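Visitor: Give me a 3D structure for the following:
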Amino acid sequence: MIDSLGFVIFLVVIALAFDFINGFHDAANSISTIVSTRVLSPRYAVMWAAFFNFAAIFIIGTPVAKTIGVGIVHPEVIENYIIFSALGGAIIWNLITWGVGLPSSSSHALIGGLIGAGILKGGVGALVWWGLIKTALFIFLSPAIGMFLGFCMMALVLNLSRNTNVARSTKLFRKIQLFSSAINSLGHGMNDAQKTMGIIAIVLYNKGLIGPVFHIPFWVVFSCYTVIALGTMNGGWRIVKTMGTKITKLQPIGGFCAETASAISIIGASLGGIPVSTTHTIAGAIMGVGATKRLTAVRWGVAGTIIWAWVLTIPISAVISAVVYSLSVMVIR
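Guide: Numbers count the residues shown, from 1 in each chain. You can find the predicted model right below:
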């Protein structure tokens, strides 16, 4: 059964389910700032974000997908049990964190899932260390870069707007924030949708369905962008509340700076083929914006809880995936 075409189709469906949950779970990354500043209502914000999630299909290739497909666990080690277990671990952790309103990383949950099942199957030698090191570095770098850029952009914009009254500035940035949220949603789509593409492509590659050279078929690209956009349209409001209101209080000018800083970080990483956490990046940017007022403007207790979720995501997802792998091997075999 594990090598049957039916099981391959099943895994593709599960991967697309993860993609949908990724969009659902990470909708907050795209819309939390624009909703909290009341530039758009939640209903129109998710439609706006979903459109630009999908529009990323026309902008970038698939460098992140290739990293996920062949840059975390050696392709010769990967089998369908590992894919099934990795997706299971990532989905379970995403649903747990969504249930408690924590903005964790779907990307790192998937990577943790691959690591847990991969080690159980082939030991630590199954891991591709250059890919893991690059990914691990950006667990720390992506929120730090987001925070730095958010702080710098907010400081710059406040300085440029110092002779403008508050009402005029707010009116201007309510309009500009539509643009910044669109670019941020593009970044979210181009990085996160590619992670599912990598998973589906390695399943097809191992079955010999895409030829002797690993690549990402267009129908996989189209499907993943479509499904993540649909997930975003059904976004998880618990996490929107945490991201948009509990870290710091945002005005349109702050929302614009946070979104722009996040977009720069995510798009840069996507072009470099680095699977970063869009959640980490936008949260870091929001903290950076809040810190320009005063350090106490950031609710560091909430930020600390979020950081703990970031730290625990890969190891807990790896453990869940290892358990799923052990059970699936026993039950299916």
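Visitor: and residue 169, what element?
Guide: helix 166-206 (DSSP states H and E).
Visitor: got a list of what the residue nearest to residue 273 when sequence neighbours are not counted touches?
Guide: The shortest distance from residue 273 to any non-neighbouring residue, by C-beta to C-beta, 6 or more residues apart in numbering, is to residue 63 (3.2 Å). Placement of C-beta: from N, CA and C, glycine included. Going by C-beta atoms under 8 Å, 6 or more residues apart in numbering, residue 63 touches 194, 270, 271, 272, 273.
Visitor: Narrow those residues to those in helices?
Guide: 194, 270, 271 (DSSP state H).
Visitor: and the second one, how many neighbours does it have?
Guide: In other words, residue 270. For residue 270, the tally of surrounding residues (other C-beta atoms under 10 Å) stands at 26.
Visitor: same check, this time on the first one
Guide: Neighbourhood size, residue 194 [other C-beta under 10 Å]: 31.
Visitor: Residue 62 is in contact with that one, correct?
Guide: Yes - look at residue 194 against residue 62 with C-beta atoms under 8 Å: they come within range, at 5.8 Å.
Visitor: can you tell me the distance between the two ends of stretch 61-79?
Guide: 25 Å (C-alpha to C-alpha, to the nearest Å).
Visitor: Pull out the buried positions in it.
Guide: Of the residues in stretch 61-79, 62-73, 77-79 count as buried by neighbour count, 16 or more other C-beta atoms under 10 Å.
Visitor: quick check, nearest of these to residue 91?
Guide: For the buried residues of stretch 61-79, the residue nearest residue 91 by C-beta to C-beta is residue 68; the value is 15.6 Å.
Visitor: so the closest one, which of the three states?
Guide: Assigned with DSSP: H, G, I helix; E, B strand; the rest coil, residue 68 falls in the helix class.
Visitor: so how far is residue 131 from it?
Guide: Distance of residue 68 to residue 131, computed by C-beta to C-beta, to the nearest Å: 9 Å.
Visitor: Could you do residue 325 as well?
Guide: Residue 325 is 20 Å from residue 131, by C-beta to C-beta.
Visitor: Which of these two has more residues huddled nearby?
Guide: residue 325 (25 against 21).
Visitor: I'd say that one and residue 83 touch.
Guide: No - Residue 325 is not in contact with residue 83 according to C-beta under 8 Å; the separation is 10.1 Å.
Visitor: How many residues are close by residue 100?
Guide: Neighbour tally, residue 100, other C-beta under 10 Å: 12.
Visitor: And it, what's its pLDDT?
Guide: Looking at residue 100, its pLDDT stands at 73.
Visitor: now it: how far from residue 94?
Guide: Distance from residue 100 to residue 94, by C-beta to C-beta: 12 Å.
Visitor: what's the answer for residue 308, then?
Guide: Using C-beta to C-beta, residue 308 is found at 16 Å from residue 94.
Visitor: Comparing the two, which shows the higher neighbour count?
Guide: For residue 308 versus residue 94, the count of surrounding residues by other C-beta under 10 Å is larger for residue 94: 24 against 12.
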